[in-house]
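# Return a 3D structure for these sequence lines:
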Amino acid sequence: MLATSPHGLVTSPHPLASEAGRQVLAQGGNAIEATLAMAAVLAVVYPHFTGLGGDAFWLIAEPDGAVRALSGIGQAAQHCAGYSGSIPVRGAASALTTAAAVDSWGQAFDISRDRWGGRQSWPALLAPAIAHAEDGVPVSQSQRFWAAQRAAEIPGWPGFSAAFPSAGQTLRQPPLARTLTRLAEAGARDFYEGEIAQRLAHGLAAAGSPLTLSDLQRTRARDEAPLKLPYRGGELFTFGPPTQGISTLQAMGMLAHVDFGGIAEGSAMHYHLMIEAIKLAFMDRDRWVADPEHVQVPVADLLDPAYLAAQAQRISREKARPWPHLFRHGDTVFMGAADAMGRGVSLLQTIYFDWGSGVVAGDTGVLWHNRGAAFSLDPAHPNVLRPGKRPFHTLNPGVYLEGGRPRLLYGTQGADGQPQTLVALLTRLIDYGLDPLAAMARPRFLLGKTFSDARDTLKLEADVGDDVVAALGAVGHEISLIPAQSPLAGQPGVIRLDAATGLCGAHDPRSEGLALGV
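Down below sits the predicted model:
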């Protein structure tokens, strides 16, 4: 469904979260307040993809075009020695970085109150989430799917089965409700320095995690300058390292040298050029991107216009580049909000893999993420594990300015697929002029491995067309078809702001998501 409104609009992957955000806007709240309400509800109703025990990334756009980035990435434990071979992707040993999402909520709330005149109280914004945790909600189709996929692993995850029983159609989470209630009463920093922090530290230690209370106390989201890149007379904004936001910008910077006026949307050449740009961007990503506080990342060089022009020249229109490269897993949720003042928020929240580490921290009801599993143990790798270091992140929500004003708010679930989904969306939204729902409904691609297919092939949704499949195969792409409208192709959301026609937005038809206007 394409939602429209002159007054305010929200989008999220779950109807209950979208409704919480819509109600905030209807009560006169702003885009940050609406997003906070959605973020809290999603932590309850979408626990397999997001939660208090994860990270978060906020892009906050002002009507005058100013964009600020709140980077909520937890850091590695101070005592994280003893890993060898590889870092486990599940269990307490994978719960080795702190969770910065809640601190990002607190900082976003302060921005709303101090800069935007926000009048919604902190407890009021958390109230819908608390009610859903106490009263219970229907188990989502997405949650059932991912619980079934991990059924053989779940019995070995500390505290998981008690928090998320397999039987029944209603999800009730009394321990999480108590934690959220305390958070509403005591504020965001209680998660790191107060009663909640004590309980989290005790529960994590009991499970065998290296995280301590001291690690929690050190956790802060960073208010950073976003990265930006010119595109078609506007500007694309996203996060810098250690996220792969630079990869999305690099790919779009290469595609800026393409005249799409002579290339049909959805044609084989449209797909081929996007895929080849992504390959070059990922090669740079895997060589350079890590925590810039620990290693030097040549951001300016990687986004230099001359470099991107040269990279664009490396793209052959007649032959596909081979692709035997590392694939990263990960799941997350995108939500966005725009208010009547022309302000907007793009937010991604994550617990990395579906169900994160699988570890529920003691009696808190908080499922901890496993983002630390993204670290390398190779001493020569820029993303090598070090105490206090932030891991590589796939998350990169975006904002597009046009005429110096916010024009598009966008982001997607999908780990390695995020830049791939975003280049498909952005070319369709900007170059071809499709509306948000039409842009998201069109077939997409995913380069590399997937959960169900370990081959490093180019995955194409089956409705891409036989002629496109044949043409891409003819230039050397090794292709595997996936079902049309497959969840593997990402689950983005988009809001478009237009001074003349108002707001419109949607969430991906592949998801249970919903956009709602005021």
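# mind checking which helix or strand the closest residue to I482 other than its chain neighbours is in?
For I482, ignoring the flanking residues on the chain, the nearest one in space by Cβ to Cβ, 6 or more residues apart in numbering is K459 at 5.0 Å. The C-beta positions use only the backbone N, C-alpha and C, and glycine is treated the same way. Taking DSSP states H and E as the criterion, K459 maps to strand 458-461.
# which other residues reach that strand?
271, 275, 323, 443-448, 450, 453, 468-469, 472, 477-486, 488-489 (Cβ atoms under 8 Å, 6 or more residues apart in numbering).
# quick revisit: any idea how far the residue nearest to I482 lies from R428?
Noted for K459: a distance of 18 Å to R428, by Cβ to Cβ, to the nearest Å.
# The residue nearest to I482 pairs with what?
For K459, the beta-bridge partners are L446, S480 (DSSP bridges).
# before we move on, back to that, from the chain's centroid, how far away is the strand holding K459?
21 Å (Cα atoms, centre = their mean, to the nearest Å).
# Could you do stretch 299-315 as well?
Centre to centre, stretch against its chain (Cα atoms, centre = their mean), the figure for stretch 299-315 is 25 Å.
# For that stretch, measure first residue to last.
Its first and final residues considered, stretch 299-315 spans 21 Å by Cα to Cα, to the nearest Å.
# Go ahead and name everything in contact with it.
Stretch 299-315 has contacts (Cβ under 8 Å, 6+ apart) with 227, 229, 240-241, 246, 249-250, 253-258, 273, 276-277, 280, 284, 288, 292.
# ok, and for it, which residues are buried?
Going by neighbour count (16 or more other Cβ atoms under 10 Å), the buried part of stretch 299-315 is V299, L302, L303, Y307, L308, Q311, A312, I315.
# what are the ranges of the helices in the stretch 101-250 of the chain?
101-115, 122-135, 141-149, 160-163, 174-186, 190-193, 195-207, 213-217, 245-255 (DSSP state H, counting those that start in this stretch).
# Ok, which of these comes nearest V518?
helix 122-135 (16.2 Å; Cβ to Cβ).
# and the closest one, which residues are buried?
Within helix 122-135, the residues that count as buried by 16+ other Cβ under 10 Å are W122, A124, L125, L126, A127, P128, A129, I130, A131, H132, A133, E134.
# Same question for stretch 145-162.
W146, A147, R150, W157, P158, G159, F160.
# Just the closest of those to L514, please.
The closest of the buried residues of stretch 145-162, once distances to L514 are taken by Cβ to Cβ, is W146, at 19.6 Å.
# Wait, the closest one touches H48, no?
Yes - in this structure, W146 is within contact of H48 by Cβ atoms under 8 Å, at 4.6 Å.
# And A499, how far from G403?
Taking Cβ to Cβ as the measure, A499 falls 9 Å from G403.
# wait, G136
For G136, the distance to G403 - Cβ to Cβ - is 46 Å.
# ok, the two, which is more surrounded?
Between G136 and G403, counted using other Cβ atoms under 10 Å, the more crowded position is G136 (17 against 10).
# neighbours of the residue nearest to that one when sequence neighbours are not counted, just the number please.
Distance criterion Cβ to Cβ, 6+ apart; nearest residue to G136, sequence neighbours excluded, is R172 at 3.8 Å. For R172, the neighbour count with other Cβ under 10 Å is 14.
# Against V139, how distant is R172?
10 Å.
# Okay, and the beta partners of the spatially most central residue of the chain?
For the chain, the residue sitting closest to the mean C-alpha position, by Cα atoms, centre = their mean, is L348 at 3.7 Å. Per DSSP bridges, residues listed as beta-bridge partners of L348: F57, F334.
# so where is the stretch 101-250 of the chain shaky, pLDDT-wise?
167 (pLDDT under 70).
# go again using 90 as the cut-off
The model of the stretch 101-250 of the chain has pLDDT under 90 over residues 141-142, 145-146, 148-149, 158-159, 161-162, 165-169.
# residues touching the residue nearest to the centre of the chain, list them.
A56, F57, T332, V333, F334, L395, N396, P397, G411.
# could you dump the residues you listed to TSV with neighbour count?
Below are the contacts of L348 laid out as TSV (neighbours: other Cβ atoms under 10 Å):
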residue	neighbour count
A56	27
F57	29
T332	29
V333	32
F334	32
L395	30
N396	25
P397	33
G411	31
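# Now P492: phi and psi?
phi -80, psi 170 (degrees, to the nearest 10).
# cool, and the one 4 residues further on?
In this entry, R496 is assigned phi and psi values of phi -110, psi 130 (degrees, to the nearest 10).
# Which other helices and strands does the longest helix along the chain contact?
Longest helix in the chain, counting residues (DSSP state H): helix 268-288. Other elements packing on helix 268-288 under the criterion 3 or more Cβ pairs under 8 Å, 6 or more residues apart in numbering; DSSP states H and E are helix 245-255, helix 305-313, helix 417-426, strand 445-447, helix 466-474.
# Looks to me like L59 is in a helix.
No - using DSSP: H, G, I helix; E, B strand; the rest coil, the secondary structure at L59 is strand, not a helix.
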